[in-house]
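Q: got a structure for you, letters missing:
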């Protein structure tokens, strides 16, 4: 059959907590679902001129020619389900989530595909049990034509949908017990997270203490990140042993993100899985699993806690940056401006670094004590110097160092700001002892601070301590294997091998860094010098030409100035290699 296109209103629905209901009583659940279809859903679809396209175990996809018909149908279904559930225990209720969108669809062999279907399915995931979420197109068409109220949920980024969608929640009739329920807690002014009790699927009740202990370790590790608001273990554990709806839990605890997981056992081996969910959208931010032996369960607890904390930190940062980028400019806070500056800094171009400084400074005009923005100004400045992007004035350097000292003197417990401030004073002021002491403090505060380990490793390399450097950087890579700054980890290992005169390994790791960040001048310089020492002058000169394309003013004299923070023997090693490749003196 030939595929055809048409505009349609699409209704997507599924049963909230379907797996839990099936697990509790499969036969009863399926019987009740069949009765609901026959007695309520199918007649209601027919009465509102809908076409049931297909069903899944717990879901429905329905096509309507009119937005009004689709919304009337959805509201009648939800009202009918509320009536059916009125006398049922909470754990036995069958509740539907419904999403409705109007858009272009492709019809082929009776099935439908396309953007209209995909958006409707994502809207359904945003709806609360018993609720309806619609797109702005649906709300605009239905406003004033139906006796329904709409609550604006703002623009939402939906999974696998390229553009943000403005979403509205249909205000349903309040449930009979709603007056006794506490209002949802407001979200804190920084990212908020709850670590829920993990499910013990080992089949061994004696392992319950291990599972609970591991969750407590994970909560403690994540709580060391001061830019996060983390719910205390005692509150999160009130959900232990209960069926959990992530959206409901998030509303009750007043958090945006929820971390949940499970533990399985096979012999002496266990597999721990975890997933991080944005409860406001239903999107999965991160998921992974860890395997280990029960021989030393306390060591395994520490390992998993450290790995989870290190892995989810960059994912949370990315999620928060994307959220801030969608926020209207007029409503930006210091935190939003900092997140935008952070996003610009990660683009690693001359223009983006300059824009990051502007945004971070704007954040500081709102809140002069905002340490993350102060630390970021310094980091951008030393990256600009290393890259040769613009001539930094004495005032620029003085400002960066002043802000870095401000961060360290505030004695904050934020390892992420401390490593940046420490690095600024190391690179721009040559204060190696202060930088090393600050990094020690950062790592005492948070032993899982991957970037603090990275910064410590680079200082070791430049102080001609290559083995200590590699040990620290490898620890950082293990803690945060998917860090957006992976290229810095690779370059720092290249620098350590270069300091140890292992030039082949230095080239290999510099290439890894350049694969991730092709414009990284410091990695290019390492390749130039390493190739020169190996007698590969053609390769060294070819790489030097690529350096000049980014930093055309680089000279031996300038290199001496920019490397003044390094040990004299390291400076001489770098300078001699670049001189062999043909870098001019002045």
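A: Alright, I've got the coordinates. Computed from a prediction, not measured in an experiment: that's the story for all the values here.

Q: separation between residue 433 and residue 426?
A: 10 Å (CB to CB, to the nearest Å). The way it works is simple: take the backbone N, C-alpha and C, and place the C-beta from them, glycine included.

Q: any chance you could map the strands in this structure?
A: Assigned by DSSP state E, the chain shows strands spanning 4-15, 51-55, 59-64, 96-108, 111-113, 132-135, 149-156, 165-171, 192-195, 199-200, 229-230, 257-266, 269-278, 283-293.

Q: Direction included, what does the third one pair up with?
A: The pairing partners recorded for strand 59-64 under DSSP bridges are strand 4-15 (antiparallel), strand 51-55 (antiparallel).

Q: tell me the domain boundaries of this structure?
A: 4-180, 192-324, 327-447, 452-586 (automatic domain parsing).

Q: got JSON lines for these, with distance to residue 186 and mean pLDDT too?
A: JSON lines is the format used below for these (distance: least, CB to CB, whole Å; pLDDT from 0 to 100):
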{"stretch": "domain 4-180", "distance to residue 186": "15", "mean pLDDT": "85"}
{"stretch": "domain 192-324", "distance to residue 186": "6", "mean pLDDT": "79"}
{"stretch": "domain 327-447", "distance to residue 186": "15", "mean pLDDT": "88"}
{"stretch": "domain 452-586", "distance to residue 186": "30", "mean pLDDT": "91"}
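
Q: rewinding a little: adding mean neighbour count and distance to residue 78, write the strands paired with strand 59-64 out as JSON lines.
A: Compiled in JSON lines, the strands paired with strand 59-64 are given as follows (neighbours: other CB atoms under 10 Å; distance: least, CB to CB, whole Å):
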{"stretch": "strand 4-15", "mean neighbour count": "20", "distance to residue 78": "9"}
{"stretch": "strand 51-55", "mean neighbour count": "15", "distance to residue 78": "17"}
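
Q: Residue 459: which of those strands is closest?
A: Between residue 459 and the strands paired with strand 59-64, the shortest separation by CB to CB is 53.2 Å, and it involves strand 4-15.

Q: quick check, distance from that closest one to the centre of its chain.
A: Put simply, strand 4-15 sits 31 Å off its chain's centre (CA atoms, centre = their mean, to the nearest Å).

Q: tilt between it and strand 96-108?
A: With axes from the mean of the first three to the mean of the last three CA atoms, to 10 degrees defining the directions, strand 4-15 sits at 160 degrees from strand 96-108.

Q: neighbour count winner among residue 433 and residue 426?
A: Neighbours per residue, other CB atoms under 10 Å: of residue 433 and residue 426, the larger number sits with residue 426, 26 against 10.

Q: Pull the contacting residues for the more buried one.
A: Neighbour list for residue 426: 432, 435, 459, 565 [criterion: CB atoms under 8 Å, 6 or more residues apart in numbering].

Q: Okay, residue 566 and residue 572: tell me how far apart.
A: Distance from residue 566 to residue 572, by CB to CB: 10 Å.

Q: Tell me which of the strands paired with strand 59-64 sits nearest to residue 445.
A: Of all those, strand 4-15 comes closest under CB to CB, at 44.1 Å.

Q: for the stretch 401-550 of the chain, what spans make up the helices?
A: Taking DSSP state H, counting those that start in this stretch, the helices of the stretch 401-550 of the chain run over residues 415-429, 432-445, 450-462, 466-479, 486-499, 503-516, 521-533, 537-550.

Q: So which of these is nearest residue 23?
A: When these are compared by CB to CB, helix 466-479 sits nearest residue 23, at 35.7 Å.

Q: Okay, angle between that closest one and helix 503-516 too, please.
A: 30 degrees.

Q: Show me where the stretch 251-400 of the chain has its helices.
A: Under DSSP H, counting those that start in this stretch, the stretch 251-400 of the chain gives helices at 297-325, 334-347, 350-366, 371-387, 394-409.

Q: Over to residue 65: give its phi and psi.
A: phi -80, psi -10 (degrees, to the nearest 10).

Q: Then residue 563?
A: Phi and psi for residue 563, reported as degrees, to the nearest 10, are phi -100, psi 20.

Q: what's the neighbour count on residue 286?
A: Applying other CB under 10 Å, I find that residue 286 has 20 neighbouring residues.

Q: What of residue 89?
A: Neighbours around residue 89, by other CB under 10 Å: 7.

Q: That one and residue 33: what is the separation?
A: The gap separating residue 89 from residue 33 is 17 Å, by CB to CB.

Q: One more: residue 222?
A: 38 Å.

Q: Next: residue 227.
A: Separation of residue 227 from residue 33 (CB to CB) stands at 44 Å.

Q: what does residue 159 give?
A: 26 Å.

Q: Which one's more surrounded, these two?
A: Neighbour tally, residue 159 and residue 33, criterion other CB under 10 Å: the higher count belongs to residue 33, 19 against 12.

Q: circling back to that earlier point, residue 566 and residue 572: which has the busier surroundings?
A: Ranked by neighbour count (other CB under 10 Å), residue 566 and residue 572 place residue 566 first, with 23 against 13.

Q: Pretty sure residue 462 is one of the things the more buried one touches, is it not?
A: Yes - using CB atoms under 8 Å, residue 566 is in contact with residue 462, at 4.1 Å.

Q: on that earlier part again, which among the helices of the stretch 401-550 of the chain is found nearest to residue 310?
A: Comparing the helices of the stretch 401-550 of the chain by CB to CB, helix 466-479 comes nearest, at 3.5 Å.

Q: Now find how far off-centre the closest one is within its chain.
A: Centroid separation between helix 466-479 and its chain, computed with CA atoms, centre = their mean, is 24 Å.

Q: returning to that earlier point: I'd like the helices of the stretch 401-550 of the chain as JSON lines, with distance to residue 110 appended.
A: Putting those into JSON lines (distance: least, CB to CB, whole Å) gives the following:
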{"stretch": "helix 415-429", "distance to residue 110": "54"}
{"stretch": "helix 432-445", "distance to residue 110": "61"}
{"stretch": "helix 450-462", "distance to residue 110": "52"}
{"stretch": "helix 466-479", "distance to residue 110": "52"}
{"stretch": "helix 486-499", "distance to residue 110": "47"}
{"stretch": "helix 503-516", "distance to residue 110": "47"}
{"stretch": "helix 521-533", "distance to residue 110": "56"}
{"stretch": "helix 537-550", "distance to residue 110": "57"}
